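**Q** Please find the sequence and the predicted model below.
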Amino acid sequence: MSDKQVPRLIVLLFLVLFCAPLSAQSVLRLATVAPDGSFWMREMRAGAEEVARRTEGRVRIQYFPGGVMGNEQAVLRRIRIGQLQGGAFTGGGLTAAWPQASLYSLPFLFRSHEEVDYVRTRMDARLERGLAAAGFVSLGIAEGGFARLMSGVPVTSVRDLRGQKVWVPEGDPVAYAAMEALGLAPVTLPLTDVLTGLQTGLINIVASPPIGAVAFQWHTRVAFMTDAPLAYTWAQLVIDRRAFERLREDDRAALSEVMRDVYRKLDRQNRADNLQATGAMVRQGIQVVTPDDVELREWQAIGDRVTRTLIERGTYDAALYQELRLHLDTFRAAPAHDE
């Protein structure tokens, strides 16, 4: 072999080893805060088995549930350095990668599931394209449900929140801004530390959909639930685009199809499960309290102020928010949906 051929051989080996599709032993390591053994994890594991079958073992998914890889910000960092290839995130958990990811979770944005469904059919794909530009491939969006205040004391007005220790998720600018607008000093904790915070008295108010409160056992440490749609919550399964694109084309298609089917099922089931979780909490003795119309309008006005502030700060893209508002206003203007 001549000296001129050696550099060419090195280049060829580099292309084969690093630029070709991943081998038959491709492993996608995905992290989530979802508790192991929960309905969510059972469905996601079933999806992983189907992906392995459809790809003839070329793609295998390994899950790290229950927050064992750290909070969502830690998971994002691990993805960036290649320790993980993706994860299941809340909308707020993805804001460090793309701030618009939590657009649906603006406070008091939605007032009913019908509004959510109308907007999501027109906006989900738009948000997925934004994430793709930020380097993540979405494999599905699943509703978490409307977050409701859960507390040790009854909360039916802004006044009732004064002096309370209210939790906000770590790295969630929307929740933090909402608490600031209420004149509160929120306690920032990752999801994995909330139960301990409730047990020790570090916090005494959380905002969560009922299924989340039951899954994480927060409902065992509260006595009241406020029946008002504080914010819409949702989760999204994402894969680092670099890892996704290294898969064979047919394997990418199989992975997307299977996991999107899983998340469509979770999307439907979570709504029904929220109703069941609410009933279970009431049977346990948790009291449901409801703000009157005057208080609800005040909370909605605060939500509007928070949204304007976040847009003025540049946290949210004004054009994207206006696109969402156009859909929402169109729905509300229809005769069947007059306020």
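**A** Received, thanks.
**Q** all strands of this protein, in order?
**A** Secondary structure of the chain (DSSP state E): strands at 26-32, 59-64, 86-90, 136-151, 167-169, 187-189, 205-208, 224-226, 231-240, 287-289.
**Q** same for the fourth one, what does it pack against?
**A** If I follow you right, that is strand 136-151. strand 86-90, helix 113-133, strand 205-208, helix 210-215, strand 224-226, strand 231-240, helix 241-245, helix 249-284 (3 or more C-beta pairs under 8 Å, 6 or more residues apart in numbering; DSSP states H and E). To be clear about C-beta, it is placed using only N, CA and C from the backbone, and glycine gets the same treatment.
**Q** Can you tell me what sits against the first one?
**A** Spelled out, it's strand 86-90. 28-34, 40, 44, 69, 72, 75, 79, 101-102, 136, 139, 144, 169, 233-240, 243 (C-beta atoms under 8 Å, 6 or more residues apart in numbering).
**Q** could you dump the strands of the chain to a markdown table with distance to E312 and mean neighbour count?
**A** Shown next, in a markdown table, are the strands of the chain (distance: least, C-beta to C-beta, whole Å; neighbours: other C-beta atoms under 10 Å):
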| stretch | distance to E312 | mean neighbour count |
| --- | --- | --- |
| strand 26-32 | 34 | 21 |
| strand 59-64 | 38 | 18 |
| strand 86-90 | 24 | 25 |
| strand 136-151 | 24 | 23 |
| strand 167-169 | 20 | 24 |
| strand 187-189 | 22 | 18 |
| strand 205-208 | 24 | 26 |
| strand 224-226 | 28 | 22 |
| strand 231-240 | 20 | 24 |
| strand 287-289 | 33 | 13 |
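**Q** Look up the residues forming beta bridges with I239.
**A** Note on I239: beta-bridge partners by DSSP bridges are G86, V137.
**Q** Could you export the strands of the chain as CSV, including mean pLDDT and distance to K265?
**A** Shown next, in CSV, are the strands of the chain (pLDDT from 0 to 100; distance: least, C-beta to C-beta, whole Å):
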stretch, mean pLDDT, distance to K265
strand 26-32, 96, 16
strand 59-64, 98, 16
strand 86-90, 94, 14
strand 136-151, 96, 8
strand 167-169, 92, 25
strand 187-189, 93, 30
strand 205-208, 95, 22
strand 224-226, 98, 26
strand 231-240, 96, 12
strand 287-289, 97, 28
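**Q** Correct me if wrong: R241 contacts G135.
**A** Yes - counting by C-beta atoms under 8 Å, G135 is a contact partner of R241 at 5.0 Å.
**Q** Report the central residue of the chain.
**A** Nearest to the mean C-alpha position of the chain, by C-alpha atoms, centre = their mean, lies T90 at 1.6 Å.
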